[in-house]
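Visitor: The sequence and its predicted three-dimensional model are supplied below.
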Amino acid sequence: MRAAAEGLRVAGAVALGGVTALAELVFLLLTLPFLGNPNVRAAARRLARLEARRLRLDPGLLDALDTRESREPQDGQGAPDGDGDGDGGGGGGGRNEGRGGRATGYLAARAPVGLLGGVVFALLLIGLWIGVRLAAAWVRGEPFDGMLPTAPLVAYLGGAGIVLLFLDLSGLVGVHALERRLALRMLGPDPTEALQRRIAELAESRAGIVAAVDSERRRIERDLHDGLQQRLVALSMLIGRSRRGRPELLEQAHQEAQQALTELREVAWRVYPSGLDSLGLGEALAGVAERSSVPVKVDCRLDRRPPMAVETAAYFVVCEAVTNAAKHAGAGLITVEVHEEDDAVLVRVRDDGMGGARESGGGLSGLARRVAALDGRFAVDSPAGGPTTITAVLPCG
C-alpha cells in the first residue's frame, strides 16, 4: 500500500512537472529580452523554489536559493548609478547577473525534461483509456476495432499491455529521478563550498570536544576537592580522636565513611555511568531520577538500543539538565522524554522552574558541543518565568 501511494505521488509530481514546464517555457520566451532585470530574476527564483518543493527536495536547497537572493543586491552595489539594466554594471553587475541566472538556467534546462515527463504521463493515460475501452467492449461481447476476443489475441494484447505499462511506469520514475538530480546539480550548493563548510564544522566540533573534556575534568577535580576530600579529612580527624579515648566518635566516623562512599559513587557516575553498558539507557535514566532531589518522571521508549555514543550523549544531556533544574531553576517537577524519531533519538527535558537558562551557560554549552560532535541538534527554550525545555536530537546513522 505504501509503495502504491509513493507511485501515485511520483506520477502526480511528473504530471504537474509537465504542466509547469510548459508554463516556465512560456515565461522564458516572454522574458528573454529582459533576463537581466532583477524582477525577472526574482520571479525565476520563485519558480525554481516551487519546483524544488514539488520534487520534495531538502529544505536546505531552498535556503541556498534564499541566500543567493539576499546577496544579490550587495553584489550589485559596485554598479554605476546610471542605467542599471545596461551593460555598464561592471564586475559587480556581472556577478549579480550570474547568480540570478542560475535559477533561470535551471528553468531552461528542466523544461525539456518536464515536457518529456508530460508526454510519458499522457501516453500512460492513453494506454489506460484504450485498455479500459477494449476490456469493456469484449465484456459486452462486442468487437473492438473489428476484433473479437480470441485466446491468442487476448494473450498477445495482454502481454503487450503489461510490457508497455512497465515501460511507461519506468519512464515516469526515470523522469522524476532525472528532475531531482538536475535540481540538485543546478540549484544545490557548490561542492567546494559545501566541503569547506563541512571542514569548518568539523574543526569547530573538535575544538568544542576538547573544551568540553577540559571543562568536565575541572568539574570532577572540583567535586573531589570540595566534597569528597573534605569529608575524608573530617573522617580521618574523627578516627584519630576516637583512638585517643573517644570511642563514642566511631559512630560518627562510620556515618562520615558512608557519606564519603555515596559522594564517591556520585562522582564516578558523573565520569561515566557503568550501568549504562549493562542495563541500557532506560535503567540509567531511572537511576538519575532516583538520585535527584526533585521528582523526575522518565518516559523512555526505544525499540532498540542506539549506538553507545548516542546513549552516552543522551544520558549526559538528561543528567546535566536535571542537575541544572534541581540546583538553579527551583523546579518542582522534571519530565524526561526519550524516543526514536526518523532514525534519531530525541531527548526532551522539561521543568516547571523559573526559567532563564541559556545555551551559552557552562554546563549547557558543553552539552551543545557534545551533541554537535554527533551531528545532532541542541536547543534550549527557557523564557523568564519558565518553563524550561531542553531538546537534543541525536542521529543514529
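Guide: Nice, thanks for sending it over.
Visitor: As a check, name the ranges of all strands in the protein.
Guide: 296-301, 334-340, 344-351, 377-381, 388-395 (DSSP state E).
Visitor: need the ones you listed in CSV with mean pLDDT and mean neighbour count, can you?
Guide: Placement of C-beta: from N, CA and C, glycine included. Formatted as CSV, those follow (pLDDT from 0 to 100; neighbours: other Cβ atoms under 10 Å):
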stretch, mean pLDDT, mean neighbour count
strand 296-301, 88, 16
strand 334-340, 90, 19
strand 344-351, 90, 23
strand 377-381, 88, 16
strand 388-395, 89, 22
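Visitor: any chance of the ones you listed in CSV, with distance to residue 40 too?
Guide: Formatted as CSV, those follow (distance: least, Cβ to Cβ, whole Å):
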stretch, distance to residue 40
strand 296-301, 52
strand 334-340, 47
strand 344-351, 41
strand 377-381, 37
strand 388-395, 40
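Visitor: what's the closest of those to residue 43?
Guide: Counting by Cβ to Cβ, residue 43 lies closest to strand 377-381 out of the strands of the chain; the figure is 33.9 Å.
Visitor: Give me the contact list for the closest one.
Guide: Identification of contacts with strand 377-381 by Cβ atoms under 8 Å, 6 or more residues apart in numbering yields 317, 357-359, 364, 367-368, 371-372, 388-393.
Visitor: and what of stretch 150-166?
Guide: Here stretch 150-166 makes contact (Cβ under 8 Å, 6+ apart) with 124, 127, 131, 134, 147.
Visitor: How far does it sit from its chain's centre?
Guide: 47 Å (Cα atoms, centre = their mean, to the nearest Å).
Visitor: Please identify the buried residues of that stretch?
Guide: Going by neighbour count (16 or more other Cβ atoms under 10 Å), the buried part of stretch 150-166 is 157, 161.
Visitor: ditto for stretch 21-33
Guide: Neighbour count says stretch 21-33 has 21, 24-25, 27-28, 31 buried, by 16+ other Cβ under 10 Å.
Visitor: Just the ones of the residues you listed in helices?
Guide: Among the buried residues of stretch 21-33, the members found in helices (DSSP state H) are 21, 24-25, 27-28, 31.
Visitor: Considering the contacts of stretch 150-166, which possesses the most neighbours?
Guide: Most neighbours among the contacts of stretch 150-166, by other Cβ atoms under 10 Å: residue 124, with 20 neighbours.
Visitor: ok, the nearest residue to it once chain neighbours are set aside - contacts?
Guide: Leaving aside its sequence neighbours, residue 124 sits nearest to residue 168 (Cβ to Cβ, 6 or more residues apart in numbering; 4.6 Å). By Cβ under 8 Å, 6+ apart, the residues touching residue 168 are 120, 123-124, 127.
Visitor: can you list the domains in this structure?
Guide: By the assignment in automatic domain parsing, the chain contains the domains 2-187, 206-271, 280-397.
Visitor: now for these, which one comes closest to residue 198?
Guide: The closest of the domains of the chain to residue 198 is domain 280-397. By Cβ to Cβ, the value is 10.2 Å.
Visitor: Count the residues that sit near the nearest residue to residue 134 once chain neighbours are set aside.
Guide: Excluding the flanking residues, the one nearest residue 134 by Cβ to Cβ, 6+ apart is residue 144, at 4.9 Å. If you count neighbours by other Cβ under 10 Å, residue 144 ends up with 16.
Visitor: is it true that residue 144 touches residue 131?
Guide: No. Counting by Cβ atoms under 8 Å, residue 144 does not reach residue 131; the two are 10.5 Å apart.
Visitor: Out of the strands of the chain, which is closest to residue 139?
Guide: strand 334-340 (50.4 Å).
Visitor: Run through the neighbouring helices and strands of that closest one.
Guide: helix 281-291, strand 296-301, helix 308-324, strand 344-351 (3 or more Cβ pairs under 8 Å, 6 or more residues apart in numbering; DSSP states H and E).
Visitor: pLDDT averaged over stretch 37-48 - what is it?
Guide: Mean pLDDT, computed over stretch 37-48, is 87.
Visitor: What residue, apart from its backbone neighbours, is nearest residue 172 spatially?
Guide: residue 14 (5.1 Å).
Visitor: how far away is the one you found from residue 120?
Guide: Separation of residue 14 from residue 120 (Cβ to Cβ, to the nearest Å): 7 Å.
Visitor: Settle it for me: which of these two has more neighbours?
Guide: Using other Cβ under 10 Å as the criterion, residue 14 and residue 120 rank with residue 14 on top: 25 against 22.
Visitor: looking at it, the more buried one is touching residue 169, isn't it?
Guide: No. Look at residue 14 against residue 169 with Cβ under 8 Å: they stay out of range, at 10.5 Å.
Visitor: Could you pull out the helices in this protein for me?
Guide: Ranges of helices within the chain are 2-31, 38-54, 59-75, 90-139, 151-187, 191-223, 229-243, 249-271, 275-279, 281-291, 308-324, 362-372, based on DSSP H.
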